[in-house]
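Asks: Got a predicted structure here, sequence first:
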Amino acid sequence: MVSSVDLDLVSSLQNSSDLKQAISRVEKLWSLFHTKHSVPEDHLRPTISNSWQRCLESKVNPYRHTPPQLSPEQVQRRLRDHRPYLEVIRPAIANMEHLADLSRFIIGFADREGFILMIHGNQELRREVDELNFRLGANWSERHAGTNAIGTAIATGQPSQVFHAEHYCRGLHKYTCTAVPIQDPTSRELIGILDFASHAEDHQPHIVGLAIQMGRCIELEIYRKEKEEEDFFRDSSLQLTLDHLERGVIVLDAHDRIRRVNHKALEYLNMKTDAVLNQAFHELAILSEWRDLEKPFTLPHTMGSELCLRRKPLLQQRRLVGTLILIEPIKRASKQVGHRHHPVACVPIGRAASFLSSVQLAENAAQFDSNILILGETGTGKEVLARYIHSKSKRGANPFVALNCGSFPKELLASELFGYEAGAFTGASKKGKPSKFELAYGGTLLLDEISEMPLESQVYLLRVIEDMALTPLGAKQSIPFDVRIIATSNKDLSSEVRAGGFRADLFFRLNIVSIQLSPLRERKEDIPVLAEHFIPVLSKSMGKRVTKITKSALDALVAYDWPGNVRELRNALEQAIVISPGESITWDILPEVVRSEGRIPLHLPDKDRERYLEFVRTYHDANGNITKVAKLLNVSRPTVYSWCKRFGLN
């Protein structure tokens with residue numbers, strides 16, 4: 001309950017006609033306390049004097065305000081642990097954002113230990129308090145930050161307001177803060193603290209009432225959600241459905257407590273219902289080693305097989321209410337199916353600035369789950385980059401599934417991508433077929449050449465991405481999924497959108513991060529690097545000992561424009577290795593199309609070959625215009641005529 005006397009005193013203090021006098025009085029009390037370690041009883045509110053005494057006993061430094069800070073990983077873990085509550089608190093605070101900005105205050109939420117998990121409100125004030133370490137992951141309990149509204153509300157379990165120099169630490173004296181505890185409506189356990197902060201001169205007398213009312217509304221909404229979810233988990237039909245499934249299934253609520261478990265799961269884990277129901281999932285001894293819940297987990301099962309456990313989101317009316325743990329036996333021999341990443345093939349090779357910039361963007365994007373669109377001509381290495389992104393992401397140990405949208409007739413693409421139930425259509429497999437989303441669960445789904453997807457399939461794909469769930473053909477129930485989508489295209493999708501060949505809404509869903517891969521003709525400095533990479537790899541795969549390439553052959557590779565890009569270069573080198581009678585790739589065994597465009601006169605000495613190639617390229621680019629060639633090469637016209645004669649160009 002709120003102490004009415006305490007709040008009346010605060011209200012009186014905040015409404016003083018002479019704010020400077022009120023500040024002066026409390027500053028003198030603060031100085032007196034830090035000199036004599038006490039103040040007269042009737043001069044300071046009991047809440048504040050008791051808090052000061054606790055801070056003194058905890059040896060909090062009043063002149064050095066340095067709350068400890070969680071690491072980004074620890075912050076994410078706490079956000080995940082508090083997700084059910086934050087889903088209620090976040091919109092409540094967001095609704096106040098405009099008022100907070102205009103009134104120059106901020107609203108924060110800290111967990112029961114005092115760690116800040118959410119901050120909204122006036123941007124200028126947020127930047128200012130960030131310097132005081134009032135930021136995500138900082139601890140504002142009394143033990144670390146002295147007397148402050150959050151820490152004092154945690155210590156007393158009551159709403160608190162701390163005015164100016166009532167803060168124990170001197171660095172906070174210009175602020176006034178009001179905080180109210182948020183409690184679990186059922187257990188009455190403390191969830192966290194809702195905090196309002198502003199400069200002392202901007203603090204409004206109605207903030208206390210607003211904070212308390214907002215806290216009550218949040219608690220009521222938490223109760224409503226918990227009641228709704230409780231009814232869902234108690235539904236007896238849920239258990240009947242689970243018991244008819246062939247897979248083991250454990251149903252967790254939003255707090256990761258086990259609410260339902262089917263017979264198969266009990267059989268697989270060799271447990272009884274009473275031993276697991278309402279237990280915290282992570283407290284089960286048999287699963288104590290499953291630390292990274294984003295990745296599948298395996299357990300020994302019978303001879304020659306293991307159990308594979310995966311997490312899937314549990315949705316009710318498109319809202320996340322818990323988690324499904326799916327348990328299936330797998331044969332050890334096939335355990336890695338779908339996880340092969342072809343280590344040689346998924347490393348992007350190159351040193352051109354444009355290419356390195358694209359790779360850097362890919363590495364940055366890999367750290368997040370945002371959809372990615374990779375654009376580039378055929379053969380530029382879009383799938384290689386997609387596999388590289390997958391391998392660099394937290395999903396790297398999970399499946400990478402690729403589907404070429406242009407390789408299926410439009411009648412079959414939907415069944416291939418979205419899966420189907422047994423007997424869904426004439427000719428369908430009697431066992432049905434899982435969707436690519438299910439096969440890629442926890443990993444990455446590559447939609448290659450997305451521009452070739454028919455418009456009718458685009459409509460359904462958009463719905464699937466928005467709902468994070470799909471309904472296979474012939475199925476009645478939707479299936480939630482957890483995949484990262486990467487799409488590729490050799491066409492300009494924005495142009496396709498304008499032409500009506502691709503849906504704008506789907507384009508915007510996929511184009512969160514866009515990565516452009518340059519054609520090989522625009523990064524010719526990469527050709528020697530790629531040749532150096534491919535020759536030993538291809539040679540070894542074919543059981544040959546081709547290890548070198550002559551300079552004339554390499555010059556010809558550089559001179560050629562490679563309309564098929566890296567794929568064509570690789571194929572040309574593979575052909576040359578097959579033909580090569582010795583350990584080197586020579587000019588004469590390159591494909592005719594490469595030799596004809598990059599032909600180098602055999603009589604030229606090595607020192608003239610690079611000049612020849614540069615001149616020939618420039619001559620053709622200028623369509624034989626002597627003046628233009630001279631300007632581009634920064635030489636005289638007579639020199640160009642001389643080279644034309646020497647190199648046999650008309």
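Replies: Good, I have the coordinates.
Asks: Hmm, residue 362 is touching residue 382, no?
Replies: No - judged on C-beta atoms under 8 Å, residue 362 makes no contact with residue 382 at a distance of 10.8 Å. For the C-beta atoms, the positions are set from N, CA and C on the backbone; glycine is no exception.
Asks: Just want to know which of the two has more residues nearby.
Replies: Here residue 362 and residue 382 are compared on neighbour count by other C-beta atoms under 10 Å; more neighbours surround residue 382, at 24 against 21.
Asks: May I have stretch 284-297 as PDB, with CA atoms only?
Replies: Presented in PDB, the C-alpha positions along stretch 284-297 are these (Å, rounded to 0.1, in the frame of the first residue of the first chain):
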ATOM      1  CA  LEU A 284      14.900 -31.000 -15.400                       C
ATOM      2  CA  ALA A 285      18.200 -32.800 -14.800                       C
ATOM      3  CA  ILE A 286      18.100 -34.700 -18.100                       C
ATOM      4  CA  LEU A 287      18.000 -31.400 -20.100                       C
ATOM      5  CA  SER A 288      20.500 -29.500 -18.000                       C
ATOM      6  CA  GLU A 289      23.100 -29.500 -20.800                       C
ATOM      7  CA  TRP A 290      20.700 -27.800 -23.200                       C
ATOM      8  CA  ARG A 291      22.100 -24.300 -22.700                       C
ATOM      9  CA  ASP A 292      21.600 -22.700 -26.200                       C
ATOM     10  CA  LEU A 293      17.900 -23.100 -26.600                       C
ATOM     11  CA  GLU A 294      18.000 -21.500 -30.100                       C
ATOM     12  CA  LYS A 295      19.700 -24.700 -31.400                       C
ATOM     13  CA  PRO A 296      18.500 -28.300 -31.500                       C
ATOM     14  CA  PHE A 297      19.600 -30.600 -28.700                       C
END
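Asks: burial count for the nearest residue to residue 37 once chain neighbours are set aside?
Replies: Setting aside the residues directly before and after it, residue 37 is nearest to residue 56 in space (C-beta to C-beta, 6 or more residues apart in numbering), at 6.2 Å. Residues lying near residue 56 (other C-beta under 10 Å) number 16.
Asks: part of a helix, is residue 56?
Replies: Yes - if the criterion is DSSP: H, G, I helix; E, B strand; the rest coil, then residue 56 is within a helix.
Asks: after the worst-scoring helix or strand of the chain on mean pLDDT comes which helix or strand?
Replies: Lowest by mean pLDDT, DSSP states H and E among the helices and strands of the chain is helix 4-14, with a mean of 46. Once the chain leaves helix 4-14, the next helix or strand it forms, by DSSP states H and E, is helix 19-36.
Asks: Against which helices or strands is the longest helix anywhere in the chain packed?
Replies: Ranked by number of residues, the top helix in the chain under DSSP state H is helix 207-234. When contacts are defined as 3 or more C-beta pairs under 8 Å, 6 or more residues apart in numbering; DSSP states H and E, helix 207-234 packs onto helix 4-14, helix 83-94, strand 175-183, strand 190-199, strand 248-253, strand 319-331.
Asks: and the third one, what other elements does it pack with?
Replies: The one in question is strand 175-183. Packed next to strand 175-183, using 3+ C-beta pairs under 8 Å, 6+ apart, are helix 149-156, strand 160-163, strand 190-199, helix 207-234.
Asks: Okay, angle between it and strand 190-199 too, please.
Replies: 160 degrees (axes from the mean of the first three to the mean of the last three C-alpha atoms, to 10 degrees).
Asks: ok, and for strand 175-183, which residues are buried?
Replies: Under the neighbour-count criterion of 16 or more other C-beta atoms under 10 Å, strand 175-183 has 175, 176, 177, 178, 179, 180, 181, 182, 183 buried.
Asks: Show the contacting residues for the second one.
Replies: The contact partners of residue 176, taken as C-beta atoms under 8 Å, 6 or more residues apart in numbering, are 14, 161, 162, 163, 164, 197, 198, 199, 200, 203.
Asks: ok, of those, which come out buried?
Replies: Buried among those (16+ other C-beta under 10 Å): 14, 161, 162, 163, 164, 197, 198, 200, 203.
Asks: quick one: which two of the residues you listed are the most distant?
Replies: 14 and 197 (13.8 Å; C-beta to C-beta).
Asks: Can you pull the phi/psi pair for the spatially most central residue of the chain?
Replies: Compute the mean C-alpha point of the chain, and by C-alpha atoms, centre = their mean the closest residue is residue 368, 2.1 Å away. Main-chain dihedrals, residue 368, degrees, to the nearest 10: phi -120, psi 170.
Asks: cool, and the one 5 residues further on?
Replies: As for residue 373, its main-chain torsions (degrees, to the nearest 10) stand at phi -120, psi 120.
Asks: just checking, it touches residue 514?
Replies: Yes - taking C-beta under 8 Å as the definition, residue 373 is a contact partner of residue 514 at 5.0 Å.
Asks: Name the residue in these two with the higher neighbour count.
Replies: In terms of neighbours (other C-beta under 10 Å), residue 373 is the more surrounded of residue 373 and residue 514; the figures are 22 against 14.
Asks: mind listing what that one touches?
Replies: Taking C-beta under 8 Å, 6+ apart, one finds 450, 486, 487, 488, 489, 493, 510, 511, 512, 513, 514, 515 in contact with residue 373.
Asks: go again using 6 Å as the cut-off
Replies: 487, 510, 511, 514 (C-beta atoms under 6 Å, 6 or more residues apart in numbering).
Asks: cool, and residue 618?
Replies: So residue 618 contacts 629, 632, 633 (C-beta under 6 Å, 6+ apart).
Asks: Setting the sequence-adjacent residues aside, check what's closest to the last one.
Replies: Meaning residue 633. For residue 633, the spatially nearest residue (C-beta to C-beta, 6+ apart) is residue 618, at 5.8 Å.
Asks: and that neighbour, how far is that from residue 554?
Replies: Counting by C-beta to C-beta, to the nearest Å, the gap between residue 618 and residue 554 amounts to 20 Å.
Asks: Also residue 182?
Replies: 69 Å.
Asks: got it, and residue 39?
Replies: 85 Å.
Asks: between these two, which one's more packed in?
Replies: Higher neighbour count among residue 39 and residue 554: residue 554, with 20 against 17, using other C-beta under 10 Å.
Asks: How about the secondary structure of the nearest residue to that one once chain neighbours are set aside?
Replies: Among residues not flanking residue 554 along the chain, residue 528 sits closest, at 6.0 Å (C-beta to C-beta, 6+ apart). Assigned with three-state DSSP, residue 528 falls in the helix class.
Asks: Determine the number of other residues adjacent to residue 528.
Replies: What residue 528 shows, counting by other C-beta under 10 Å, is a neighbour count of 15.
Asks: One more: residue 297?
Replies: The burial count assigned to residue 297 is 18, neighbours taken as other C-beta under 10 Å.
Asks: Looks like it contacts residue 310 (just checking).
Replies: No - applying C-beta atoms under 6 Å as the test, residue 297 and residue 310 come out as separate, 7.9 Å apart.
Asks: doesn't residue 307 fall inside a strand?
Replies: Yes - counting by three-state DSSP, residue 307 is found in a strand.
Asks: Okay, and the beta partners of it?
Replies: residue 299, residue 329 (DSSP bridges).
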